[in-house]
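J.: Structure for this input, please:
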Amino acid sequence: MPRGRTQFVGLAGQYYVAYCLTVRGYHATITAGNVPDVDVLVASPDGSRLLSLQVKTSTWAHRTKHYVKNVRQWDVGQSAVGRSNDNLWYAFVDLREQSGSTWNPVAYLVPSGWVSALVQKDFSRKVYFFRHELWPLCEERWDRVQKYFDSDPDTLEWVGTIPKESSQTGWHVEGV
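T.: Take a look at the predicted model:
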């Protein structure tokens, strides 16, 4: 991917998310900037339920020992502050660029409550630090979309519960 072309990085993430959902039988539409802070709208196969995804993409999100933690990191912007809704999730895409031309993308589906619990108004840079303890709960977990549409109790609890690793109480981040 050409250097200095961040719009292409963002679009690659959106297309990856839409692809992953479409091949699983969901109606996934990229909003092309027409819906504020929502990049992909997802409808259940019968069209009766909706889920909004904010996609954030990095060419290499993994940070070893960053802030004394093993994390993946994405810039999320001002709109993430205090923005939490059960039907709004983040799709954090790590393209995992290697040698400038080899890609092995991975996506993490994360409830917006987790993000708003960590990203604070006083951060000079609005960044979500995604700790490694939480990766297995979210990595390529496309099954959670159907479970959410089906009102699965475990999935609804996952959406509505903020893990300590995803909040200011889980670890302290100085005003990034």
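J.: what's the pLDDT at T102?
T.: According to the per-residue confidence, T102 scores 67 in pLDDT.
J.: Run through the residues that contact Y16.
T.: Taking CB atoms under 8 Å, 6 or more residues apart in numbering as the contact definition, Y16 lies against 57, 93, 95, 105, 107. From N, CA and C alone the C-beta is placed, and that goes for glycine too.
J.: show me the contacts for the second one.
T.: Spelled out, that is V93. Taking CB under 8 Å, 6+ apart as the definition of contact, the neighbours of V93 are 12-13, 16-17, 55-58, 105-108.
J.: buried set for stretch 129-137?
T.: Buried residues in stretch 129-137, counted by 16 or more other CB atoms under 10 Å: 129-131, 134, 137.
J.: May I see those organised as a markdown table, with distance to R72, secondary structure and pLDDT added?
T.: Conversion of those to a markdown table gives the following (distance: CB to CB, whole Å; DSSP: H, G, I helix; E, B strand; the rest coil; pLDDT from 0 to 100):
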| residue | distance to R72 | secondary structure | pLDDT |
| --- | --- | --- | --- |
| F129 | 8 | strand | 86 |
| F130 | 5 | strand | 88 |
| R131 | 8 | strand | 87 |
| L134 | 10 | helix | 92 |
| L137 | 13 | helix | 95 |
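J.: do you know how far the residue nearest to Q78 when sequence neighbours are not counted is from V115?
T.: With CB to CB, 6 or more residues apart in numbering as the criterion, Q78 has its nearest non-adjacent residue at 5.8 Å, and that residue is K126. As for K126, its distance to V115 is 10 Å (criterion: CB to CB, to the nearest Å).
J.: Please enumerate the shared neighbours of the two.
T.: Common neighbours of K126 and V115 are listed as 76, 80 (criterion: CB under 8 Å, 6+ apart).
J.: residue boundaries of the helices in this protein?
T.: Using DSSP state H, the helices of the chain run over 6-22, 112-118, 135-138, 143-149, 153-160.
J.: can you tell which of the ones you listed is closest to L51?
T.: helix 143-149 (6.4 Å; CB to CB).
J.: What are the buried residues along that closest one?
T.: Going by neighbour count (16+ other CB under 10 Å), the buried part of helix 143-149 is 144-149.
J.: Of the residues you listed, just say which sits nearest to T22.
T.: T22 has its nearest neighbour among the buried residues of helix 143-149 in V145, at 11.7 Å by CB to CB.
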